[in-house]
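>>> Give me a model of this one.
(chains A and B)
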Amino acid sequence: MAANSSLEIDGDMEVDAFRRLFPLRYYEHYLGQSVRPDARPLAHARETTISLGPVTSVDGSALVKIGETTMLAAIKLEVMTPAADLPDKGCLAVDFYMPPVCTPNVRPGRPAEAAPVISKQLSDVILSSGMINFEELSLISGKAAWMVYLDIYCLNADGSLFDAALLSAVAAFSHLKVPLVSVNDNGRVTTVTGELLESKSELELVNKERRKLSFKSLPFSLTCLLHDKYILADPTAEEEDIMDTLVTVVVDSLGRLVSLYKAGGVVLANTSTVKDCIALAKRRAAELHNILVESISEMEVD
Amino acid sequence: MGMDRGDGRNPNQMRPLACSRNLLHRAHGSARWSQGNTIVLAGVYGPKAGTRKGENPELASIEVIWKPKTGQIGKQEKEYEIILRRTLRSICLLTVHPNTTTSVILQVSWLNLQSLLPCAINASCAALVDAGIPLKHLAVAICCGLTEQGSLILDPTKIEEQKLQAIANLVFPNPPTSVIPKGSSTSAEEPFEHGIITSVTHGAMPVDDYFNCLERGRAACSKISEFFRKSLQSDLPDNASKAS
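Got it, this is the predicted structure:
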């Protein structure tokens, strides 16, 4: 055939054109041989790195890269008066930003459609996993508690946004150190910085030392893309565009299922597919847990 | 099934369903779906010419607008809109009306937000049928709750929701009565109507309980789709006269 002969002459150019013109068929060629165009096997996630504490002006931060997808999470703590019905509990506010730099689909001035949905999902998952003990964020019962502002910026959106966002949130929380606070004469609660602590050591401190939060469990997520009978773990933006059935599974370190999120899509997930996705997510959670533990211990050495 | 619930239902019992269609005169299709006192009114306008920028012009596009009972829409409503849009996209035959937009507008007419998402999905599905938008199959939605004791209840109310450790909103297709074309996404070991269209869960639960939820949800959905079919067939003659 004509197409075949020209393929031999100018292979690279033809493959590139074929990829753009018939993206689905291009992918199906690869999937049939259980491999993806970026040389990953179907069930493998991209290389993941976590670096803790890239932002020094906040109380906890983390930069996470899953392949090209990059997320920066930062946590700021502020003292607030707790709600009257929950006097012993702190509060969490999650915001997810997709600035126009992260993807060509977001235009300046118009907020991304996906951003509020991801931030809602994030706060749902963080709350329902029971990862944070909100009583730990209380300072003086009924008077003062921590308000936790978690802001996540997407710097590069190349698929599996929720996975990267959740991982960066979890990493930022494990980097978070609760600052010292004291009550002054007027009864106001103020944070105590390093120099102040040395100069006025007689300040009455509410909490004894800068501490880390303790976590009951850590949630980790994996997005799987369903196409025909194939399950592709951790899809890139290109794969998400071409094949549109996504399943996001969140499991925690206790082995519980925190969330199974599938919103429509051409492929219907039957029980065996769901089981496979959960198994993949559990394996990925163990992998991510190791990466996180490693990066924490690396930071402590420094 | 010894445990009784606050409103006297047994764990497997749903609140009474009601569905009425063709309520709005100006809309191309409309439906009101109620589950107990959760009531959602859905209106469908379209297919209108043109799609939004960035959408595939070779396919029909679906737009969902969520109107809460009071106040502005927030993140929760935005999430509902996206879930609904993706769910409805997957049941519509998008190639029949390329380069058109169909708007689905949902008005929540009760303040209690119990099992709101399933109710909205059922309502919009009925409204799409009323508007004559070509569909592959219906989407039937149900809400399952897992209690602290580990037992499952269907269609939880607001008061029950606060005591639950997890909630799963599940959407399944209705079982087809006609012959399914071979080579579609059905697998040999599982019937077509067992495939999950949409699953949205809140709260952590053991994996096994999720599969129990799936089983219960499927059983309940087959009942709901029977109800659906009956209610759609009951005003069929009326529809035929409207078309002519």
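
>>> wait, is A:Phe220 part of a strand?
Yes. Checked against DSSP: H, G, I helix; E, B strand; the rest coil, A:Phe220 lies within a strand.

>>> Which residues are in contact with it?
Counting by C-beta atoms under 8 Å, 6 or more residues apart in numbering or on different chains, A:Phe220 makes contact with A:166-167, A:170, A:250-253, A:281, A:284-285, A:288-289. (Glycine included, C-beta is placed from N, CA and C.)

>>> possible to save the residues you listed as CSV with secondary structure and neighbour count?
Supplementary listing: the contacts of A:Phe220 in CSV, determined by DSSP: H, G, I helix; E, B strand; the rest coil; neighbours: other C-beta atoms under 10 Å in any protein chain shown:
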residue, secondary structure, neighbour count
A:Leu166, helix, 30
A:Leu167, helix, 27
A:Val170, helix, 27
A:Val250, strand, 27
A:Val251, strand, 28
A:Asp252, strand, 24
A:Ser253, coil, 19
A:Ala281, helix, 26
A:Arg284, helix, 24
A:Ala285, helix, 21
A:Leu288, helix, 26
A:His289, helix, 15
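
>>> Look up the closest residue to A:Leu86, ignoring the ones flanking it.
Excluding the flanking residues, the one nearest A:Leu86 by C-beta to C-beta, 6 or more residues apart in numbering or on different chains is A:Phe134, at 8.0 Å.

>>> so that neighbour touches A:Ala83, yeah?
No. Look at A:Phe134 against A:Ala83 with C-beta atoms under 8 Å: they stay out of range, at 11.2 Å.

>>> what is in contact with those two at once?
Common neighbours of A:Phe134 and A:Ala83 (C-beta under 8 Å, 6+ apart) are A:89, A:91.

>>> Which one's more surrounded, those two?
Here A:Phe134 and A:Ala83 are compared on neighbour count by other C-beta atoms under 10 Å in any protein chain shown; more neighbours surround A:Phe134, at 18 against 11.

>>> Now do the contacts for the more buried one.
Going by C-beta under 8 Å, 6+ apart, the list of residues near A:Phe134 reads A:86, A:89-92.

>>> Next one: it relative to chain B, how far apart?
16 Å (C-beta to the nearest C-beta, to the nearest Å).

>>> Please apply the same query to A:Asp85.
Per C-beta to the nearest C-beta, A:Asp85 is found 13 Å from chain B.

>>> With adjacent residues omitted, what lies nearest to the residue of chain B found nearest chain A?
Relative to chain A, the nearest point of chain B is B:Gly195 (2.5 Å; C-beta to the nearest C-beta). Excluding its sequence neighbours, the residue lying closest to B:Gly195 (C-beta to C-beta, 6+ apart) is A:Leu268, at 2.5 Å.

>>> Which pLDDT does the model give the one you found?
Note on A:Leu268: pLDDT of 87.

>>> Likewise for the one 3 residues further on?
The score at A:Thr271 is 89. That number is its pLDDT.

>>> Would you map the helices across chain A?
Ranges of helices within chain A are A:2-9, A:11-21, A:23-31, A:114-128, A:161-175, A:194-199, A:237-242, A:271-301, based on DSSP state H.

>>> Adding distance to chain B, write those out as JSON lines.
What follows is the helices of chain A, written out as JSON lines (distance: least, C-beta to the nearest C-beta, whole Å):
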{"stretch": "helix A:2-9", "distance to chain B": "23"}
{"stretch": "helix A:11-21", "distance to chain B": "14"}
{"stretch": "helix A:23-31", "distance to chain B": "12"}
{"stretch": "helix A:114-128", "distance to chain B": "4"}
{"stretch": "helix A:161-175", "distance to chain B": "12"}
{"stretch": "helix A:194-199", "distance to chain B": "37"}
{"stretch": "helix A:237-242", "distance to chain B": "10"}
{"stretch": "helix A:271-301", "distance to chain B": "6"}
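
>>> need the residues of chain B near chain A, please.
With the criterion set to C-beta under 8 Å from any C-beta of the partner chain, chain B comes near chain A through B:54, B:75-76, B:78-79, B:82-83, B:85-90, B:166, B:168, B:173, B:185, B:187, B:189-190, B:192, B:194-207, B:210-211, B:214.
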